[in-house]
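> A structural model of the following input is requested.
(one chain, ligands or ions: 1)
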Amino acid sequence: MSTSTSSPFLAACRRQPSTHTPVWIMRQAGRYLPEYREVREKVDFLTLTKTPELAAEVTLQPIRRFGMDAAILFSDIMTPLEGMGVDLEFAPGPVIARPIRNAAAVTALRPFEAEESVPFVLEAIRILRHELPTSAPLIGFAGAPFTLFCYVVEGGGSKTFSTAKAFLFGDSAAAVSLLEKLADMTAAYLRAQAEAGAQALMLFDSWAGLLGPLDYRRFALPVVTRVLDRLGTVDRPIIYFPNQGATLLADVTTLAVDVVGIDWRTPLSVARATLGSAKAIQGNLDPAALFAPAAELERRIDRVLEEAGPAPGHIFNLGHGIERTTDPDQVARLVDHVHERTAVGGAA
Ligand code: 1CP
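Predicted coordinates:
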């Protein structure tokens with residue numbers, strides 16, 4: 001199903017040359033877009049993610065407006081957790097009224113069944129595969145186990161996730177059992193998305209950088225490996241994004257993923273040097289560059305392209321999610337500039 005030659009994005013995932021450097025943007029569907037805000041005036045966020053036609057519509061919005069080289073399913077990393085028996089609300093970030101903080105709560109979690117728990121996600125994927133152009137493959141995604149762990153233990157967002165780390169360090173046996181259950185859910189969830197038609201899969205480890213290398217190696221890395229092992233036979237490129245992971249990249253090299261997402265703090269040349277030539281890279285413009293005047297924005301885009309170097313296997317993206325006060329015209333400028341600057345036989 002996933003022929004890479006027709007898509008610069010899929011080609012880059014496989015480190016094959018293509019007609020231009022593909023570009024998409026983390027959180028490309030969302031509140032910086034007036035057409036997204038219009039949909040959100042009518043329905044709340046959970047309803048939006050659970051109504052396949054609406055989720056498909058907002059997934060398509062940035063593709064129609066900007067012509068990105070990949071679409072990412074509109075959903076949230078927290079969405080599948082309800083299927084394990086975790087209660088969930090958004091206000092606007094995730095809120096869990098009964099966080100998981102001891103062995104009994106871990107044992108009480110239900111095994112996850114994708115068709116039963118997230119039929120709306122699978123249906124949204126099927127709709128999107130009919131509606132998306134072949135130039136914009138669909139990325140399915142999930143939260144990496146440690147990042148999900150942070151939210152289900154803490155009960156919501158946090159700068160430090162101190163409660164989650166206290167559980168991890170204080171009752172490591174129960175914490176590892178929770179991490180493994182989250183890994184098994186994540187693998188089943190990603191497999192179901194691939195079977196429904198997702199053409200690439202991304203794992204968001206947004207809070208990986210809260211761990212030093214020893215703890216990352218002991219707690220977070222083995223459960224990412226567990227997800228990948230369980231996905232073994234699923235033939236889709238896999239992108240792993242260890243946010244704030246500069247000190248973790250040597251360990252990340254050991255993971256059987258095709259693409260590593262790099263946050264904006266690490267120059268892509270440094271990431272390439274550590275990761276070697278066996279992995280493609282994705283990133284990493286500072287999202288704040290979109291608030292700079294056009295000429296400065298374009299200089300910063302050019303710098304990212306130079307850092308990535310001429311070898312195939314670079315997917316242009318921001319180094320983290322787009323800010324919601326971003327001017328959509330700046331996003332148009334970014335997509336157009338990457339396309340023009342890197343077109344084979346063009347100005348590059
Ligand atoms: O009111 C609204 O519209 C809700 C805001 C919102 C949106 C637009 C949330 C709540 N989630 C989303 C969509 C979303 N979340 C996508 C859609 C696809 C796209 O990229 O266009 C994706 C991929 C996510 C993934 C996600 N959710 C991550 C990983 C990426 C990252 O930013 O590091 C994380 C950490 C979340 C949790 C979450 N969900 C929502 C919020 C506000 C948050 C952050 C909470 C926090 O820690 O403070």
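> Can you name the residues of this structure sitting close to the ligand?
Residues of the chain found near the ligand (C-beta under 6 Å from any ligand atom) are 26-31, 40, 45, 72, 74, 76-78, 90, 92-94, 141, 157, 204, 206, 243, 321. (Each C-beta comes from the backbone N, C-alpha and C, glycine too.)
> Show only the entries of those residues found in strands.
Ile72, Phe90, Pro94, Phe141, Phe204 (DSSP state E).
> Relative to the ligand, which residue of the stretch 1-150 of the chain is the closest?
Closest contact between the stretch 1-150 of the chain and the ligand, by C-beta to the nearest ligand atom, is at Gly93 (3.3 Å).
> Cross-check the contact I'm expecting between that residue and Gly157.
Yes. Gly93 is in contact with Gly157 according to C-beta atoms under 8 Å; the separation is 4.4 Å.
> ok so, going back, which among the ones in strands among the residues of the chain next to the ligand count as buried?
By neighbour count, with 16 or more other C-beta atoms under 10 Å, these hold Ile72, Pro94, Phe141, Phe204 as buried.
> possible to save those residues as JSON lines with pLDDT?
Supplementary listing: these in JSON lines, determined by pLDDT from 0 to 100:
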{"residue": "Ile72", "pLDDT": "98"}
{"residue": "Pro94", "pLDDT": "97"}
{"residue": "Phe141", "pLDDT": "98"}
{"residue": "Phe204", "pLDDT": "98"}
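> Pick the one among these closest to Val344.
Ile72 (25.4 Å; C-beta to C-beta).
> I'd say that closest one and Gln61 touch.
No. Applying C-beta under 8 Å, one finds Ile72 not in contact with Gln61, separated by 11.7 Å.
> any residues in contact with both of those two?
Ala29 (C-beta atoms under 8 Å, 6 or more residues apart in numbering).
> rewinding a little: can you name the two of the buried ones among the ones in strands among the residues of the chain next to the ligand that sit furthest apart?
Pairwise over these, using C-beta to C-beta, the maximum falls at Ile72 and Pro94, 18.0 Å.
> Around the residue in the stretch 201-348 of the chain positioned nearest to the ligand, how many other residues sit close by?
Nearest to the ligand, among the residues of the stretch 201-348 of the chain, is Ser206, at 3.2 Å (C-beta to the nearest ligand atom). Neighbour count for Ser206, taken as other C-beta atoms under 10 Å: 22.
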